[in-house]
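Chemist: structure for the following, please:
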Amino acid sequence: MEKGETGGDVITVNIKFAGRSIPLSLSSDDTVRDLKSLLQPLTNVLPRGQKLIFKGKVLVDDLTMRSSEVSNGAKIMLMASQGLHQGDGPIRKEAPASSNLRRMANASEGRDKRDVTVGKNQFERWKATGVIALSECNLRAIPDEVWTCGSSARVLDLSHNSVQDVPATIGCLCSMQKLLLNANEILDDSISWEGLTSLKCLTVLSLNQNHLTSLPSALGALTCLRQLHVANNKLTCLPTEIGELTELQILKANNNRICTLPASMVACTSLVEVDLSSNLLIELPETFGNFQNLKTLELSNNGLKSLPSTLFKTCIQLSTLDLHGSEITMDLLRQFEGWEDFDKRRRLKHQKQLDFRVGGAAEFDEGADKSF
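Modeler: Next up is the predicted model:
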């Protein structure tokens, strides 16, 4: 029989979880904790949220497969604790019937979509105000009248439509400052980044809730960008060129599939608010602790086990840190240099919110457990 890295025999076990079977190969000398680590990226369930049951007994983390009497072909049940997951939640088996129903509903909805008719008064109002408001207009395509606004257009809101194509023609809106394309049907290859990078005055780009799996290197050409919203897509990474966005203040990339962050982000020195919650991050670049203007950092529902050692020391304005659903403990946080100063800022902020939703400057409760 084949030998594993730890010297034991290689065995294959089948994990039963959420209506599916997950085959995994590991050494008989690997521990239950090792098995849980292997399951994390396959299920989105953090190791401490996993309960593995074999022959009616809960497997103990420190015991090996051999000592737990788990042999080749064994079937193990995984039970997930609520809330202890990364990304959007546990990966579950999709029912084909439900998928078909969704496709039928989308097709039916598509038949009802229409092209908007732009009246003369509306067009003149666009040119006079510079604001082109077309959200929730049942659009399948961007009306040609938009392009004739040319340099007079400052804001274009096409959110909550079924727009798929963003053509290179968008580059003619050369004075555009805000472009809102949330909740459409935009794919990687249906948006012209060549056209977008012609918008040299663009400060806000919002592409939330589309079907993007990547952002191109051309993003770095939008050097005036102050806000980038790409939440609820299918992104697996951010481009290295994001480091060229030195004016960027707000980055919202939550609810994606991002596994790693480029070290080049250290150049985004203007960042004030970063939301990377509900992704698949296991660690952050050490340079991530160099944002002196950073005030809010949202990292909930990731697989993080630690933070950059300089985070509290150099992020001297940080006052909001959300770590819910991570592996990070309070004992670990207290070891970081600068923790006391951060805790003071956090408490002060909570004091100012007493009349709103915070009941007091209590102990740190942004997701770090006191112990496992």
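
Chemist: contacts for stretch 142-161?
Modeler: Around stretch 142-161, the neighbours that count as contacts under Cβ atoms under 8 Å, 6 or more residues apart in numbering are 115-116, 118, 123, 126-127, 130-140, 163, 165-167, 169-170, 172-184, 206. Glycine gets a C-beta too; all of them are placed from N, C-alpha and C.

Chemist: I'd like the mean pLDDT over it, please.
Modeler: Averaging pLDDT along stretch 142-161 yields 95.

Chemist: buried residues in that stretch?
Modeler: Neighbour-count burial for stretch 142-161, counted by 16 or more other Cβ atoms under 10 Å, picks out 142-143, 145-146, 149, 153-161.

Chemist: then stretch 128-139?
Modeler: Neighbour-count burial for stretch 128-139 [16+ other Cβ under 10 Å]: G130, I132, A133, L134, C137, L139.

Chemist: next one: stretch 183-191
Modeler: Under 16+ other Cβ under 10 Å, the buried positions of stretch 183-191 are A183, N184, I186, D188, S190, I191.

Chemist: ok, residues contacting it?
Modeler: The contact list for stretch 183-191 (Cβ under 8 Å, 6+ apart) reads 158-166, 207-214.

Chemist: let me see the mean pLDDT of that stretch.
Modeler: For stretch 183-191, mean pLDDT is 96.

Chemist: span of that stretch from start to end?
Modeler: End-to-end distance for stretch 183-191: 14 Å, by Cα to Cα, to the nearest Å.

Chemist: just give me the residue right at the centre of the protein.
Modeler: Closest to where the C-alpha atoms of the chain average out (Cα atoms, centre = their mean) is N254, at 2.9 Å.

Chemist: reformat the buried residues of stretch 128-139 as JSON lines; add distance to L24.
Modeler: JSON lines is the format used below for the buried residues of stretch 128-139 (distance: Cβ to Cβ, whole Å):
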{"residue": "G130", "distance to L24": "57"}
{"residue": "I132", "distance to L24": "52"}
{"residue": "A133", "distance to L24": "52"}
{"residue": "L134", "distance to L24": "49"}
{"residue": "C137", "distance to L24": "49"}
{"residue": "L139", "distance to L24": "46"}
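
Chemist: out of the residues you listed, flag the one nearest to C268.
Modeler: Among the buried residues of stretch 128-139, G130 lies closest to C268 (Cβ to Cβ), at 28.3 Å.

Chemist: you'd agree S206 is up against L181?
Modeler: Yes - in this structure S206 lies within contact range of L181 using Cβ atoms under 8 Å: 6.4 Å.

Chemist: tell me which of these two has more neighbours.
Modeler: Legend: neighbour count by other Cβ atoms under 10 Å for S206 and L181, higher for L181 (24 against 19).
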